[in-house]
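S.K.: no sequence for this one, just the structure:
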């Protein structure tokens with residue numbers, strides 16, 4: 001199995017968002033709790049009689065353990081049987097502070113921390129709260145094994161101490177336990193129950209404001225305790241311009257902390273493999289490498305096992321029902337007309353689990369009307385409807401870090417996800433589907449859009465990551481073949497960000513079967529690989545050889561089963577929002593459809609008694625979609641194909657994108673982008689929406705140039721030349737192509753229009769950065785920033801800047817008007833870069 005870095009493992013261990021990723025908080029760190037003002041109470045003198053502590057005024061909630069509420073105090077009655085048991089704590093935002101966001105973090109439903117804890121008795125009538133980390137492990141408990149040494153070097157921190165207020169004895173079972181007062185700890189601030197420090201920093205939160213923070217409720221369920229609090233924090237504000245003191249308003253959140261008991265009987269784990277896309281939980285293993293340590297990862301998945309009476313049937317290959325079905329409930333608050341489509345998004349996965357040998361393994365149900373049923377109960381997986389303006393949905397899951405077993409999930413379904421679904425579909429399918437050409441879609445169309453996003457998010461809750469490489473396995477021309485694409489779909493994976501088939505042309509007459517995403521070949525294979533029950537193997541180590549052979553066999557036989565990670569910045573096959581095996585051809589078809597859509601926007605976006613806000617929004621959507629196409633093409637230049645392999649497989653893992661494909665990409669960019677795309681300038685739309693004509697596509701041009709003229713791209717081209725010599729697409733080829741595409745007026749002596757003037761100024765700006773070391777402030781902690789002055793990058797940049805200066809100087813005498821002023825200005829800028837002292 002290919003080893004992963006610890007950083008990668010930490011990222012993979014996080015729960016997942018379908019449209020936005022989450023961080024996995026650091027385990028085991030000790031942050032002293034910030035408690036509210038001390039309460040004057042008599043010093044503890046030891047446990048008191050139970051009835052003196054849990055008085056007749058107590059309101060008791062029974063579940064994992066008893067929770068007693070006496071006026072404003074909260075007590076946990078923890079049975080001795082739960083002492084030293086691992087408990088997973090997952091912290092989420094229930095209601096977010098107004099306006100306090102950090103990119104995609106800070107919304108209701110976001111996970112803000114998780115920890116494994118246990119309670120253990122200590123001396124002097126104390127109960128300690130221990131934070132537990134599984135980042136380093138050894139299973140060798142023999143006399144000379146490493147288990148003892150690892151434990152001696154990893155003493156788990158005690159993060160809180162509680163006085164034992166009373167000793168308990170259950171009147172029915174006779175079980176003994178202890179009573180502690182958790183009020184002050186829950187009312188305070190600590191990373192066990194609330195924000196992980198990294199999340200708090202990202203949101204600029206500092207100290208807790210005790211007099212504006214309180215416990216809302218603590219509820220007990222059979223497998224979990226739910227703590228709901230209101231927390232108000234001060235915020236660290238940046239200095240105001242001009243030196244004025246910042247105006248710091250507090251931020252108030254409603255937080256939910258779930259304490260879930262981890263199973264005593266752990267699920268048999270399965271090792272992560274980079275050729276099949278699962279989320280994973282990672283650790284350092286002291287046993288796997290006899291002469292060192294090894295970074296290992298376990299995939300996250302539900303525990304699916306046949307019932308005892310069906311084991312032999314399962315072994316014979318018969319479909320059987322699992323011992324425990326995966327059930328998703330639909331939040332009762334969900335608008336009724338969307339419930340059937342959300343359920344279909346769940347039930348669509350049944351076919352995938354049949355590949356793993358289980359029938360009826362997964363099902364969606366409407367939440368029961370029973371008042372005892374609760375959305376917070378950890379036994380229930382829920383698609384939670386959030387009446388929010390966030391245009392998103394996410395599929396996080398809670399898993400056991402010891403084995404990777406998924407324990408529960410709450411899918412976040414934000415009401416306004418329908419906005420981006422409508423916008424995507426109109427822009428990507430409006431040319432081929434008349435139903436997309438209006439502001440309000442029919443319920444059936446919107447329902448099918450909801451169904452596809454539901455399937456995608458459920459896939460995340462099953463443990464599957466985004467497969468950005470899936471769509472790259474499909475020949476572009478197949479996407480226009482009605483029979484083929486309606487049978488096979490436009491991407492083999494619902495976990496891709498392939499959205500809709502924008503390659504299809506109106507004359508192809510392709511129906512929604514060939515336009516919409518669906519669960520495909522890769523998804524069926526991934527579930528089969530991850531969930532097939534394998535009793536013949538004792539553990540994950542024993543599975544390795546057979547698993548490796550199976551993966552090699554299946555992927556070799558069917559390229560549609562390939563996985564492409566979403567975290568690879570260099571491989572052009574692994575991109576979001578792209579289609580097909582050739583970005584240039586697919587983007588050309590996409591642009592043809594955008595040219596059909598743009599002139600119709602004023603008609604399609606018209607609503608009675610409204611202004612032109614819709615038209616402006618969709619004009620921006622067209623420009624954004626066009627920019628995506630340019631991004632898909634640009635990633636080919638300096639691109640590196642990365643194909644994870646084990647030593648049993650032949651061929652290279654890292655291969656530069658072939659010369660011909662990089663040349664094709666630059667030819668496309670010169671024709672479709674650097675040669676001003678005047679079709680995007682729609683005079684009537686600009687007059688109605690207020691768009692600045694000069695800026696319509698300038699942002700796309702700048703973004704593309706910044707990527708082509710980056711130290712990273714040129715460094716990769718230099719490396720490719722070292723490896724492949726004359727066969728490589730080199731930095732010289734890149735600058736020659738840019739010269740013909742960006743600077744043609746220098747040699748044709750034609751007038752330079754405003755779009756080209758801005759493009760050329762941007763070129764000089766980005767080229768100049770190749771000769772300057774990056775400022776320290778430009779880097780992030782732990783992130784390596786390339787310094788172009790420490791390699792041939794700056795040499796190449798300086799040589800091309802000098803050549804450009806010569807060509808500009810030669811072109812000035814024949815230029816007139818603004819073209820002449822522009823070239824004179826550029827020459828000054830170039831000379832200032834080449835000779836800064838002058």
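M.R.: That came through, no problem. Please read these numbers as outputs of a predicted model, since none were measured by experiment. Numbers count the residues shown, from 1 in each chain.
S.K.: residues near the nearest residue to residue 470 once chain neighbours are set aside, how many?
M.R.: Spatially, and ignoring its direct neighbours in sequence, residue 470 is nearest to residue 493 (3.7 Å; CB to CB, 6 or more residues apart in numbering). Every residue, glycine included, has its C-beta placed from N, CA and C. Counted with other CB atoms under 10 Å, residues neighbouring residue 493 total 34.
S.K.: list the contacts for residue 493?
M.R.: Listed by CB atoms under 8 Å, 6 or more residues apart in numbering, the contact partners of residue 493 are 467, 470, 471, 520, 521, 522, 523, 526.
S.K.: next, give phi and psi for the second one.
M.R.: When quoted as degrees, to the nearest 10, the phi and psi of residue 470 stand at phi -60, psi -50.
S.K.: quick check: it touching residue 496?
M.R.: Yes - here residue 470 reaches residue 496: they are 4.3 Å apart, a contact under CB atoms under 8 Å.
S.K.: intersection of neighbour lists for these two?
M.R.: By CB under 8 Å, 6+ apart, no residue touches both residue 470 and residue 496.
S.K.: and stretch 107-117, how far out from the chain middle?
M.R.: Using CA atoms, centre = their mean, to the nearest Å, the mean C-alpha position of stretch 107-117 is found 15 Å from that of the whole chain.
S.K.: typo on my end, it should be stretch 719-726
M.R.: Relative to its parent chain, stretch 719-726 has a centroid offset of 34 Å by CA atoms, centre = their mean.
S.K.: show me which positions of it end up buried.
M.R.: 720, 721 (16 or more other CB atoms under 10 Å).
S.K.: also stretch 449-460?
M.R.: Here stretch 449-460 shows 449, 450, 451, 452, 453, 454, 455, 456, 457, 458, 459, 460 as buried, counting by 16+ other CB under 10 Å.
S.K.: need the residues you listed in JSON lines (columns: distance to residue 308).
M.R.: Shown next, in JSON lines, are the buried residues of stretch 449-460 (distance: CB to CB, whole Å):
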{"residue": "449", "distance to residue 308": "42"}
{"residue": "450", "distance to residue 308": "39"}
{"residue": "451", "distance to residue 308": "36"}
{"residue": "452", "distance to residue 308": "38"}
{"residue": "453", "distance to residue 308": "38"}
{"residue": "454", "distance to residue 308": "33"}
{"residue": "455", "distance to residue 308": "32"}
{"residue": "456", "distance to residue 308": "35"}
{"residue": "457", "distance to residue 308": "33"}
{"residue": "458", "distance to residue 308": "28"}
{"residue": "459", "distance to residue 308": "30"}
{"residue": "460", "distance to residue 308": "31"}
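S.K.: the bottom helix or strand of the protein by mean pLDDT?
M.R.: helix 6-12 (a mean of 35; mean pLDDT, DSSP states H and E).
S.K.: which other helices and strands does the very next helix or strand once past that helix contact?
M.R.: Using DSSP states H and E, the helix or strand that directly follows helix 6-12 along the chain is helix 50-53. Under the contact criterion of 3 or more CB pairs under 8 Å, 6 or more residues apart in numbering; DSSP states H and E, helix 50-53 touches strand 158-169.
S.K.: looking at the contacts of residue 493, which is nearest residue 86?
M.R.: Taking CB to CB as the measure, residue 86 lies nearest residue 526 of the contacts of residue 493, at 28.7 Å.
S.K.: outside of the helix or strand hosting that closest one, which residues touch it?
M.R.: Assessed by DSSP H and E, residue 526 sits inside helix 521-531. Residues outside helix 521-531 that contact it (CB under 8 Å, 6+ apart): 270, 276-278, 299, 301-302, 304, 349, 351-353, 355-356, 358, 361, 459, 462-464, 467, 470, 488, 492-495, 547, 550-551, 554, 558, 560-563.
S.K.: residue 225 reaches residue 65, doesn't it?
M.R.: Yes - between residue 225 and residue 65 there is a contact under CB under 8 Å: 7.3 Å.
S.K.: any common contacting residues for those two?
M.R.: Residues within reach of residue 225 and of residue 65 at once, by CB under 8 Å, 6+ apart, are residue 76.
S.K.: okay, those two: which has more neighbours?
M.R.: residue 225 (23 against 20).
S.K.: give the contact list for that one.
M.R.: Going by CB under 8 Å, 6+ apart, the list of residues near residue 225 reads 63, 64, 65, 67, 76, 218, 219, 258, 259.
S.K.: ok, whichever strand or helix holds the fourth one: who's next to it in the sheet?
M.R.: Think residue 67. Element membership for residue 67, per DSSP H and E: strand 66-70. Strand 66-70 sits in its sheet next to strand 59-61 (antiparallel), strand 73-79 (antiparallel), going by DSSP bridges.
S.K.: in JSON lines: these, plus distance to residue 763.
M.R.: Below are the strands paired with strand 66-70 laid out as JSON lines (distance: least, CB to CB, whole Å):
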{"stretch": "strand 59-61", "distance to residue 763": "67"}
{"stretch": "strand 73-79", "distance to residue 763": "64"}
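S.K.: residue 415 is nearest to which of those?
M.R.: Once the strands paired with strand 66-70 are compared by CB to CB, strand 59-61 is nearest, at 31.4 Å.
S.K.: contacts for that closest one, please.
M.R.: Outside strand 59-61, the residues within contact range by CB under 8 Å, 6+ apart are 54, 66, 67, 68, 69, 70, 218, 219, 220.
S.K.: OK, contacts around the closest residue to residue 787 other than its chain neighbours?
M.R.: Excluding the flanking residues, the one nearest residue 787 by CB to CB, 6+ apart is residue 773, at 5.1 Å. Residue 773 sits next to 787, 788, 789, 790 when contact means CB under 8 Å, 6+ apart.
S.K.: just give me the closest of these to residue 576.
M.R.: Looking across these and measuring by CB to CB, the closest to residue 576 is residue 788, at 28.1 Å.
S.K.: and the closest residue to that closest one other than its chain neighbours, what does it touch?
M.R.: Leaving aside its sequence neighbours, residue 788 sits nearest to residue 711 (CB to CB, 6+ apart; 4.2 Å). When contacts are counted by CB under 8 Å, 6+ apart, residue 711 touches 770, 786, 787, 788, 791, 793.
S.K.: only the buried subset of those, as a PyMOL command please.
M.R.: Selection of buried members from the contacts of residue 711 for PyMOL, criterion 16+ other CB under 10 Å:
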select buried, resi 770+788+793
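S.K.: let's have the contacts of residue 711 in CSV, adding secondary structure, pLDDT and distance to residue 628.
M.R.: Shown next, in CSV, are the contacts of residue 711 (DSSP: H, G, I helix; E, B strand; the rest coil; pLDDT from 0 to 100; distance: CB to CB, whole Å):
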residue, secondary structure, pLDDT, distance to residue 628
770, helix, 95, 26
786, coil, 84, 25
787, coil, 90, 30
788, helix, 91, 28
791, coil, 94, 31
793, helix, 96, 28
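S.K.: what ranges do the helices span in the stretch 551-700 of the chain?
M.R.: 583-597, 601-604, 613-634, 659-669, 683-689, 698-708 (DSSP state H, counting those that start in this stretch).
S.K.: if we can go back for a sec, now, among the contacts of residue 225, which is nearest to residue 577?
M.R.: residue 258 (34.1 Å).
S.K.: could you measure from the closest one over to residue 109?
M.R.: 13 Å (CB to CB, to the nearest Å).
S.K.: swap in residue 528?
M.R.: 31 Å.
S.K.: between those two, who's got more neighbours?
M.R.: For residue 528 and residue 109, the more surrounded residue by other CB under 10 Å is residue 109, and the numbers stand at 24 against 19.
S.K.: was I right about residue 383 contacting residue 454?
M.R.: Yes - Residue 383 lies in contact with residue 454 (CB under 8 Å); the separation is 7.2 Å.
S.K.: need the residues touching each of those two.
M.R.: 342, 346, 411, 413.
S.K.: can you tell me which of the residues you listed are in helices?
M.R.: 342, 346 (DSSP state H).
S.K.: of the shared contacts of residue 383 and residue 454, which is the nearest to residue 192?
M.R.: Minimum distance to residue 192 across these is 25.4 Å, recorded for residue 411 (CB to CB).
S.K.: residues in contact with that closest one?
M.R.: 328, 381-384, 393-396, 454, 457-458, 461.
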